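>>> Sequence and predicted structure are below.
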Amino acid sequence: MAQLDPFLRRLAQAKETVVLSGLKDAVILHHDEADGLCSAALTKIAIEKLGIETRLICLDKLYPEVVRDVEGGSRRLVVFSDLGSGHVQLLESQNRSKSILVILDHHDTSESRDPLVHNLNPELNGFSGEKDASSSTVAYLFAKTVDPTLVTFAPLAIIGSTEIPGEAQTPRKREQSNGPRVEASSSTDQFLGSLRHEPLPY
């Protein structure tokens, strides 16, 4: 059964870990298509809100040699956006710098027991990574956790989430089919309609 509240707590715990670490340098590795680009943009905005200098590395897939180079350097925050879920053990094993690793993804994954790894994948809380989630919606929720005013960037999540197969559900369609529009504060925008295509920007 899908559980929203535990997932939101995981986002909050990851944010708290990053804040308490005092790290001032971050790298975001992200996929090279719409969901990866939008999720990376949302994540960069959120992390820079925390006063952390951030750079982006765009990849068509997660290469082991890139993981070794990034995780083998200085200690920092390393975020994998629309990448990394299927390579949790690799990320753990290559983290020689003891960096904080955050995975914002929706592909098939496994849980990590490493306290330095925050695998923020909604599949671990019962949502479907193929039907319900996109990396950009996960990144949007992370951004809102960092700073609720970042709700204004919800259109980025809408764009990225269109890669999920099926008809996109807009806020207006939801309003027409399900009665009164849900206010943005309720259940974190209904987890973007249970993580389905419909971030509410206002």
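On my side now, so go ahead.

>>> Just name the shakiest helix or strand of the chain by mean pLDDT.
Lowest by mean pLDDT, DSSP states H and E among the helices and strands of the chain is helix 171-178, with a mean of 34.

>>> Quick one: distance of the lengthiest helix in the chain to the chain centre.
Criterion DSSP state H: the longest helix present in the chain is helix 4-21. Distance, stretch centre to chain centre, for helix 4-21: 12 Å (Cα atoms, centre = their mean, to the nearest Å).

>>> contacting residues around that helix?
Under the criterion Cβ atoms under 8 Å, 6 or more residues apart in numbering, residues 47, 50, 52, 77, 100, 102, 118, 120, 122, 124-125, 127, 141-142, 145-146, 187-188, 191, 194 lie in contact with helix 4-21. Just so you know, the C-beta spots here come from the backbone N, C-alpha and C atoms, and that holds for glycine as well.

>>> Centre of the chain to stretch 91-106, how far?
So, by Cα atoms, centre = their mean, the centroid of stretch 91-106 is 14 Å from its chain's centroid.

>>> do stretch 44-61 as well
12 Å.

>>> okay, how far is it across that stretch, tip to tip?
Length of stretch 44-61, first residue to last, Cα to Cα, to the nearest Å: 19 Å.

>>> buried stuff in that stretch?
44-47, 50, 52, 54, 56 (16 or more other Cβ atoms under 10 Å).

>>> Where does the prediction get shaky in the protein?
Where the chain drops to pLDDT under 70, the residues are 1-2, 165-202.

>>> just the strands in it please.
25-31, 53-59, 77-81, 100-104, 117-120 (DSSP state E).

>>> any chance of those strands in JSON lines, with distance to Glu71 too?
JSON lines is the format used below for the strands of the chain (distance: least, Cβ to Cβ, whole Å):
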{"stretch": "strand 25-31", "distance to Glu71": "9"}
{"stretch": "strand 53-59", "distance to Glu71": "12"}
{"stretch": "strand 77-81", "distance to Glu71": "6"}
{"stretch": "strand 100-104", "distance to Glu71": "8"}
{"stretch": "strand 117-120", "distance to Glu71": "11"}
